[in-house]
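J.: Okay, predicted coordinates and the sequence, questions at the end:
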Amino acid sequence: MITKPIAMKSFADFVSGTEATKLRVLRQYKYPNEEGLAMSRYYHPAKATIIEFNRDKRGIDWALDQAVELEKKALTPSKSLRNKLVLNSKAIRNYVQYFGAQHFNILKDQKFPFLLNEVKINVTPDIHTTHKGQDRYMKLYFGAKKPKYEFVRAILNCMAYGVSVNGGEIAGQSVVFVDVVRGNISPGVPLTDEIIEELTQHCADISNLWQAL
């Protein structure tokens with residue numbers, strides 16, 4: 001049995017990746033290092049700013065000021081830290097450009113772990129809000145490259161299944177993937193037996209490959 005929970009994004013990386021990517025994803029969990037932990041929080045400054053912008057009904061100027069502050073901090077000898085701060089600043093500017101005209105009602109964070117084929121997946125939406133009277137869970141994506149269809153689908157299906165098995169009400173519009181950099185929003189689809197079977201098979205693949213590492 002895999003003793004370490006797999007993050008939803010890592011699961012999506014596994015599902016949508018090449019064989020080499022699949023191996024790299026699982027090695028990061030079986031043989032963790034500080035670099036892997038740092039990457040998991042790479043866009044924390046941008047996410048925190050976006051959540052505060054919505055929760056406290058901040059203005060666009062405030063959000064842009066946060067981006068400027070990150071750019072000032074990027075004047076550092078550390079190339080890796082400089083790149084991180086610049087990309088987080090850019091993410092905030094992208095969010096303001098595409099989504100700054102509205103505010104979401106921010107509700108309490110929720111997690112929806114599930115277990116399939118002895119693999120535990122941690123489902124952690126970035127934003128919990130409401131839409132037309134229903135709970136809505138959003139995952140924010142900041143990658144420079146456009147995400148693969150398989151990656152987006154894996155994220156949405158993970159959220160839908162995780163919410164469902166943890167007793168939440170789920171509909172197609174209840175889970176949303178937000179590509180912040182390109183301003184694209186992808187809603188989920190109704191949870192079906194086919195989707196559950198697909199998730200189950202992916203977890204079986206993870207379990208089998210884990211044993212071989």
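T.: Received it, and whenever you're ready, just let me know what you need.
J.: in this protein, which residue is closest to the centre?
T.: K139 (4.6 Å; CA atoms, centre = their mean).
J.: so that one touches V178, yeah?
T.: Yes. With contact defined as CB atoms under 8 Å, K139 and V178 form a contacting pair (6.8 Å). Glycine gets a C-beta too; all of them are placed from N, C-alpha and C.
J.: ranges for the strands of the protein?
T.: Remark: strands assigned in the chain by DSSP state E are 6-7, 114-116, 119-122, 127-131, 134-141, 175-179, 184-187.
J.: ok, how many other residues are close to C158?
T.: A count of nearby residues for C158, using other CB atoms under 10 Å, gives 30.
J.: Contacts only, for it.
T.: By CB atoms under 8 Å, 6 or more residues apart in numbering, the residues touching C158 are M8, F11, A12, I121, V123, L199.
J.: Quick check: it vs F11, distance?
T.: Distance, C158 to F11, using CB to CB, to the nearest Å: 6 Å.
J.: what does R27 give?
T.: Taking CB to CB, one finds R27 at 15 Å from F11.
J.: who's more crowded, the two?
T.: Each of R27 and F11 has its neighbours counted (other CB under 10 Å); F11 has more, 24 against 14.
J.: contacting residues for that one?
T.: Counting by CB under 8 Å, 6+ apart, F11 makes contact with I121, A154, C158, H202, I206.
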